[in-house]
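Participant: Quick check, what structure comes out for this input:
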Amino acid sequence: MKKYLTNFFMDYSSRSDQATGYSNWLRHIFLLLFLFFGFITVVKSQITSVFINNDPTIENTIEIRIYTPDYRNSDGINIYRKTDSSEWILLTTNPLIQKSSINNINLSKESSEIFKLLQSNEPTDKGLISIIVALQLFKDRQLADALGLRYIDKNVKNGNAYKYKITNAKTKKVYQEKSFISGAYQALPAPDSIAIYQLNNTSIALSWLPNTKVFYGINIYKSIDNGEFQKLNEQVILLSKIFNKDGVKVWPKINYVDDSLELNHKYSYRIQAMDYMGNEGQQSEQNIIDFKDKEAPAPPKKLFTQVHDNDLSVKLSWMPPKVNDLAQYTMSIIQKKDTNTVLETEIISKDSTHFSFRLQEAGKYQINMQAVDIAGNKSDTSICSFSILDRLPPNQVKDLTFAFGDSGKVILSWKDIRPPDFMTYRIYRKAHKARHYILINATNIDTAFFSDQLALNMKNTMDYYVVALDTNYNESKSSDTLKVKLPDITPPSSPFLKTVKLSGDSVSFVWHKITERDLAGYNLYLKTSNDTIKINNELIQGGSYKSTIPSNLTDLCFWLTAVDSSSNESAYSNNYTLKKNDQDTETGKFSKLKLKYKSESKNISLTWKYKGVEPMGYVVYYSHNGSRMKPISKMTNKNSTQYRSKGKGNYSFKVIAFYPDGSKVKSEINNIQI
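Facilitator: Prediction:
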């Protein structure tokens, strides 16, 4: 049996090799190995697959193909049929079953070997046998008949809908139920997304969209110079996935490569699908490739220039490429300024290895050189850059001044001193106390002004200087240093008014302090029905303040602002509203925290009551024998919790209520000795 399996693979591969050449011979070897690891769902599935179609050879006849995991079909198969107006009818008077002998059946050599293989009891790899049997079953109806895996229903009417049920004759297990409408046979359409294109001077790539639910393989037909189409492959080209770089099976971008080609011919291709009953599908429309020389020659290498500054002459030399069909070289001389300018383009003999020319002025240049073959294909460009330099730098930049623009802009300007070979101005900046300058113009500029965008809240003094650069990268002496400091127009962030308490006509305020370095103080405001009154005369320092309010006011609304050293005032804080008769406006207040120790569980239970605005939640803190207090839990909305003690000693507890605005209320600390 091992000898037969080897012969089957080598026979399949050698036939493919005759049509496809060496690269596709390797491809079929890998493809067949890949099949062994599960390419076709029908073959490797542990369930039985059923295919139904109109018979292409006999009218008003339906063909049924069955593919089971066990092609020996020892139990037999029954087929039932029904319509919408009838019950199930058994079509197979005798179950379909594998024949005991093929003496009266004219099977091919391959099919005979497979039949004998399935009759033997020799242990073998069932998956490999399944693949071999399936490939032969796809194309050989007689083998399917011999194995009891094919049925022809001749008692059907054109246009009627039928439902078929395929079962195991012994166990009565239903393999599948399928519906089908009888009619004229229609061949499969050609695969979708067919693409055919020239890869190089020796091969053409073909690809299509695989659909393993409909067809298992492909035939390719080829015509040369509008001649007759000939089948390119002797064996069907199987659909197979490949592993990508991530180890995932995917369909390849190229399904087939034809490398049995010659240049200067027209090749036409048609693609045809093969269904699981061995029927050939419709051929696609022809795709024509005019197969010409499209490979560019190798470029000239090792371009080298000898430059003579005294007379601006240049000698270019190169190493010619190893190209049989070289026709000539093209060479362009480019002067590199603000915009590159092509000075001249030369056509140079293919036999030359050097070329001399003279330039009109010093500067930076580039030579682009390509090899051109007889078909007109141009090589990649070989580039050689060189410079004929002058040594005289531009004059020093003078009269550097500045003005402020909108939104933190510093507009620098200076006297324009551009020489004929001028390339750009470079502007440098650093913070006044920093050690190093940085270049701040990323691109070349040829104007005598520049706008630098600084942050609105920039507090530092900035130092600037400007230099000029010519096309030979000679840099002028630095301009005088210019010192610039932005006016401070950025207000500080808004503070947060935490609590307000009334006691008679006296009111006390507490807020969260802000951290700006240039903070000068705070202003407190009282809004009345007619006006807004600033409570303080001088800026308030710190995070609290006390004042008195007019006795005739009842509804009170307060807010707070921060002021920096440049008199920029922040936006209003949150407002705090209360009535005159509210003498204590703390958010809330704890009653006494109660503690109780349970010796049997060693748990300390904590309970508390809280009056006031309902907080966002509570966090309980503890301390053991005077240690720093730590939370014993995450935030909770309950008014009780438990803590498991860690031994004898003194335990201290407190509860903190937290609010969304960041404020919090603390309970008193309570202790328990264990």
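Participant: what helix or strand is Glu110 on?
Facilitator: Assessed by DSSP states H and E, Glu110 sits inside helix 109-119.
Participant: Could you point out the helix or strand that follows that helix?
Facilitator: Tracing the chain past helix 109-119, the next element assigned as helix or strand by DSSP H and E is helix 126-139.
Participant: would you put the C-alpha positions of the helix or strand following that following helix in CSV?
Facilitator: Remark: after helix 126-139, the chain's next helix or strand is helix 141-146, criterion DSSP H and E. Output for helix 141-146, consisting of C-alpha atoms alone and laid out as CSV, is shown next (Å, rounded to 0.1, in the frame of the first residue of the first chain):
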residue,chain,number,x,y,z
ARG,A,141,-18.4,8.4,-11.6
GLN,A,142,-17.8,4.7,-12.0
LEU,A,143,-15.7,4.6,-8.9
ALA,A,144,-18.5,6.4,-7.0
ASP,A,145,-20.9,3.7,-8.3
ALA,A,146,-18.6,0.9,-7.2
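Participant: Now do helix 141-146: which elements does it pack against?
Facilitator: Counting contacts by 3 or more CB pairs under 8 Å, 6 or more residues apart in numbering; DSSP states H and E, helix 141-146 packs against helix 109-119, helix 126-139. Where you see a C-beta, it was placed from the backbone N, CA and C, and this is true even at glycine.
Participant: Same list (those helices) but as CSV, adding distance to Thr641.
Facilitator: Below are these laid out as CSV (distance: least, CB to CB, whole Å):
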stretch, distance to Thr641
helix 109-119, 75
helix 126-139, 63
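Participant: Worst mean pLDDT among these?
Facilitator: Among these, helix 126-139 has the lowest mean pLDDT, at a mean of 75.
Participant: Just the angle for it relative to helix 109-119, thanks.
Facilitator: For helix 126-139 and helix 109-119, the angle between their directions (axes from the mean of the first three to the mean of the last three CA atoms, to 10 degrees) works out to 140 degrees.
Participant: Poorly predicted segments of the stretch 51-200 of the chain, please.
Facilitator: Across the stretch 51-200 of the chain, residues meeting the criterion (pLDDT under 70) sit at 70, 121-129.
Participant: can you give me the strands in it?
Facilitator: Under the criterion DSSP state E, counting those that start in this stretch, the stretch 51-200 of the chain carries strands at the ranges 62-67, 77-82, 89-90, 150-153, 161-168, 174-181, 195-198.
Participant: possible to save these as JSON lines with distance to Val236 and mean neighbour count?
Facilitator: Conversion of the strands of the stretch 51-200 of the chain to JSON lines gives the following (distance: least, CB to CB, whole Å; neighbours: other CB atoms under 10 Å):
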{"stretch": "strand 62-67", "distance to Val236": "16", "mean neighbour count": "23"}
{"stretch": "strand 77-82", "distance to Val236": "26", "mean neighbour count": "20"}
{"stretch": "strand 89-90", "distance to Val236": "35", "mean neighbour count": "12"}
{"stretch": "strand 150-153", "distance to Val236": "19", "mean neighbour count": "18"}
{"stretch": "strand 161-168", "distance to Val236": "26", "mean neighbour count": "18"}
{"stretch": "strand 174-181", "distance to Val236": "25", "mean neighbour count": "14"}
{"stretch": "strand 195-198", "distance to Val236": "19", "mean neighbour count": "16"}
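Participant: which one of those lies closest to Lys596?
Facilitator: Each of the strands of the stretch 51-200 of the chain was scored for nearness to Lys596 using CB to CB, and the closest is strand 174-181 (70.0 Å).
Participant: ok, back up a step: in TSV: the strands of the stretch 51-200 of the chain, plus distance to Gln396.
Facilitator: What follows is the strands of the stretch 51-200 of the chain, written out as TSV (distance: least, CB to CB, whole Å):
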stretch	distance to Gln396
strand 62-67	90
strand 77-82	100
strand 89-90	107
strand 150-153	98
strand 161-168	96
strand 174-181	92
strand 195-198	62
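Participant: can you pull the contacts of the closest residue to Arg358 other than its chain neighbours?
Facilitator: Residue nearest to Arg358 in three dimensions, not counting chain neighbours: Ser313, with 4.8 Å by CB to CB, 6 or more residues apart in numbering. By CB atoms under 8 Å, 6 or more residues apart in numbering, the contact set of Ser313 is Val307, Ser356, Phe357, Arg358, Leu359.
Participant: Against Gln306, how distant is Ser313?
Facilitator: Between Ser313 and Gln306 the distance is 9 Å, computed by CB to CB, to the nearest Å.
Participant: Mind jotting down where the helices sit in the chain?
Facilitator: Counting by DSSP state H, the chain has these helices, from start to end: 2-20, 22-36, 41-44, 109-119, 126-139, 141-146.
Participant: any common contacting residues for Ser313 and Gln306?
Facilitator: In contact with both Ser313 and Gln306: no residue, using CB under 8 Å, 6+ apart.
Participant: quick one: Pro550 and Pro393, what's the gap?
Facilitator: As for Pro550, its distance to Pro393 is 75 Å (criterion: CB to CB).
Participant: more crowded one of those two?
Facilitator: Neighbours per residue (other CB atoms under 10 Å) separate Pro550 from Pro393, with Pro393 holding more: 17 against 9.
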